[in-house]
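Q: Here is my input; please provide its structure:
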Amino acid sequence: MKNRKLQLLPLGLLFLLPVGVGSLGAAFAAETQSIPAVSTAEVENVRVTDASSGFPFQAEPSIVVDGQGRIFAGWKEMNEIGGFNRVGFGRSLDSGRTWERSLIEDSAPLQHQSDPWLAVDESGRVYYTRTQGAGLFVSSSGDGLTWDRMMNINDQPDSADKSSIRSDGNGAIYASYVTAGPTAPRDMKIVATRSVDGGVTWGQSKVLVSGLNPFAPVIATRPDGTAHVVWWAPLSATRPGANIMASTTTDRGAIWGAPVRVNSTPGSAVYDASIGPPKRIPYPSAATNSDGSLFVAWADKEKGEYNIVVARSDDSGTTWSEPVQVNDVDTGDQWMTAIAVDANDILHAAWFDARTGNINLYYANSTDGGRTWSPNLRITDQETPSNAFSLGEYLGLAADRNGAACMVWTDGRNGGSAIYFARTAGLPLVPVDRFPPVRAASRGSKPRALPPRN
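A: Numbers count the residues shown, from 1 in each chain. Below is the predicted model of the structure:
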């Protein structure tokens, strides 16, 4: 079946429709070559990828760390910036200093794989999802070198897009994704499914919401059977658009609750198409702590420029706090955030930041459940130009067994698009007060715009 694109005007939204899907083969031999780290006073920046795979560009990484301290990362590989050809994988056994690189699938190079996402369960097994053609495929591995159990878990009639996957640490793996058909952006769906046998079989998918362009679901879980799916709703037929929404299950996905708006001011999670490149798309990130609190972060535009904010729910997503700003300056835009909670309930956040006029990765943490945040730490030791064409649509963050934050991101410091890694020392920074964003004047009736999808 030929690959074809459907362009919907005036929204300018591109969706990928079915292409041919190959089968899983033996994993490629892992590469042991790694690029030396460049040291700074705070962190090391380690380049994870190069062009040895045959593709000059990589983007949109995901990362997980298991209980042994093994670090796993995935990304998409491209023959042009902003494209999508296949997904790659790497693992590090020495806290990210060196990386072994491999492919999870011996596949055709133009298979149009995209949206890679990783999860790791309580046994250390790693799960890898990616969109491929119209499907959503999952593979798993015990060591990150050999892969099995590949299957298409999209049981919906429409094409899958923008997926995520998460273990609850107690025998369940959840996956969520978007489906889009010929009427998109209408009749799009946020879908969730789960496996309770290590990914061997998956339950029937549940549609959490159906309507006008819900997008980019992420998952947060607890071992007690509670799971949350959080997504971005840039348009809505029944309420003001540009919101962050969440749905919760307390019975391992048998029943999902009605969607609840997370952002306190309707419309504050707006996508402004006039800014960029790179685009500031307010996709959310979510995490839970040991007390059951749910945290959601996103790039919020209530103050006029984009700021990273975190809202908290202590009642399984029913009600939400006012968002707290994480970035400690109001200069420039801050966007594309990821959050994680470590074993000591320290909350970590990373994001792209344009406070210097160019683009860097910044980091902060919170030791009091997101109420206050540390001074911001610049992670990147070289800047990406402010007009970088594409830095992908998300970055990766995970906390290791020592409480350090492990980060992967798309870096354009050399004019290209490569995956870099950094790890903090694991010690909390000194928290300082952060106040909810000041509400700006009305933005008027400027039409909403939608970003391209890939």
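
Q: ok now stretch 218-229, how far from the chain's centre?
A: For stretch 218-229, the separation from the chain centroid amounts to 16 Å (computed by Cα atoms, centre = their mean, to the nearest Å).

Q: So for that stretch, mean pLDDT?
A: Across stretch 218-229, pLDDT averages out at 97.

Q: From L395, how far off is D333?
A: Distance from D333 to L395, counting by Cβ to Cβ, to the nearest Å: 15 Å. To be clear about C-beta, it is placed using only N, CA and C from the backbone, and glycine gets the same treatment.

Q: Counting neighbours, go ahead and name the busier of those two.
A: The residue with the greater number of neighbours, taking D333 and L395 and applying other Cβ atoms under 10 Å, is L395; the counts read 26 against 23.

Q: doesn't C406 make contact with the more buried one?
A: No: distance between L395 and C406: 11.5 Å, which falls outside the contact criterion (Cβ atoms under 8 Å).

Q: burial count for the nearest residue to A227 once chain neighbours are set aside?
A: The shortest distance from A227 to any residue that is not its chain neighbour, by Cβ to Cβ, 6 or more residues apart in numbering, is 4.7 Å, and that residue is T221. T221: 25 surrounding residues under other Cβ under 10 Å.

Q: Now T221: phi and psi?
A: Geometry field for T221 lists phi and psi as phi -140, psi 170, criterion degrees, to the nearest 10.

Q: cool, D143 as well?
A: Phi and psi for D143, reported as degrees, to the nearest 10, are phi -130, psi 0.

Q: Now name the helix or strand holding the closest residue to it other than its chain neighbours.
A: Here the nearest residue to D143 in space, its sequence neighbours aside, is R91; by Cβ to Cβ, 6+ apart that works out to 8.0 Å. With elements taken from DSSP states H and E, the one containing R91 is strand 86-92.

Q: Centroid-nearest residue for this structure?
A: Nearest residue to the geometric centre of the chain (Cα atoms, centre = their mean): Y394, 4.7 Å.

Q: In contact with that residue, which residues are there?
A: By Cβ atoms under 8 Å, 6 or more residues apart in numbering, Y394 lies in contact with 60, 62, 283, 285, 336, 338.

Q: In the stretch 51-200 of the chain, what residue spans correspond to strands?
A: Secondary structure of the stretch 51-200 of the chain (DSSP state E, counting those that start in this stretch): strands located at 57-65, 71-78, 86-92, 100-102, 113-120, 126-132, 135-141, 148-152, 159-167, 173-180, 188-195.

Q: Just give me the neighbour total for the residue lying closest to G292 once chain neighbours are set aside.
A: Beyond its immediate neighbours in the sequence, the residue positioned closest to G292 (Cβ to Cβ, 6+ apart) is R222, lying 6.1 Å away. The number of residues packed around R222, counting by other Cβ under 10 Å, is 20.

Q: on that earlier part again, across the sheet, point out what pairs with the residue nearest to D143.
A: The residues listed as beta-bridge partners of R91 by DSSP bridges are F72, E100.

Q: for it, what are its contacts?
A: Shown in contact with R91 (Cβ under 8 Å, 6+ apart): 30, 70-73, 99-100, 102, 143-145.

Q: can we see that at 10 Å?
A: Shown here is R91, whose contacts under the criterion Cβ atoms under 10 Å, 6 or more residues apart in numbering are 30, 66, 70-73, 99-102, 126, 141, 143-145.

Q: swap in G69?
A: 92-95, 400-402, 404, 406.

Q: distance of A59 from V87?
A: With distances defined as Cβ to Cβ, the gap from A59 to V87 amounts to 11 Å.

Q: returning to what we had before: between the contacts of R91, which is closest to G169?
A: D66 (11.3 Å; Cβ to Cβ).

Q: how far does stretch 201-217 sit from the chain's center?
A: 17 Å.

Q: cool, and stretch 403-411?
A: Centroid separation for stretch 403-411 versus its chain: 12 Å, with Cα atoms, centre = their mean.

Q: I'd like the average pLDDT over it.
A: Per-region confidence: stretch 403-411 scores 96 on mean pLDDT.

Q: got the CA coordinates for it in CSV?
A: The C-alpha atoms that make up stretch 403-411 are tabulated as CSV, following Å, rounded to 0.1, in the frame of the first residue of the first chain:
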residue,chain,number,x,y,z
GLY,A,403,18.4,9.9,42.5
ALA,A,404,20.3,11.4,39.6
ALA,A,405,18.3,12.8,36.6
CYS,A,406,19.2,11.2,33.3
MET,A,407,18.3,13.3,30.3
VAL,A,408,18.3,12.8,26.5
TRP,A,409,17.5,15.5,24.0
THR,A,410,17.7,16.4,20.3
ASP,A,411,20.7,18.7,20.0
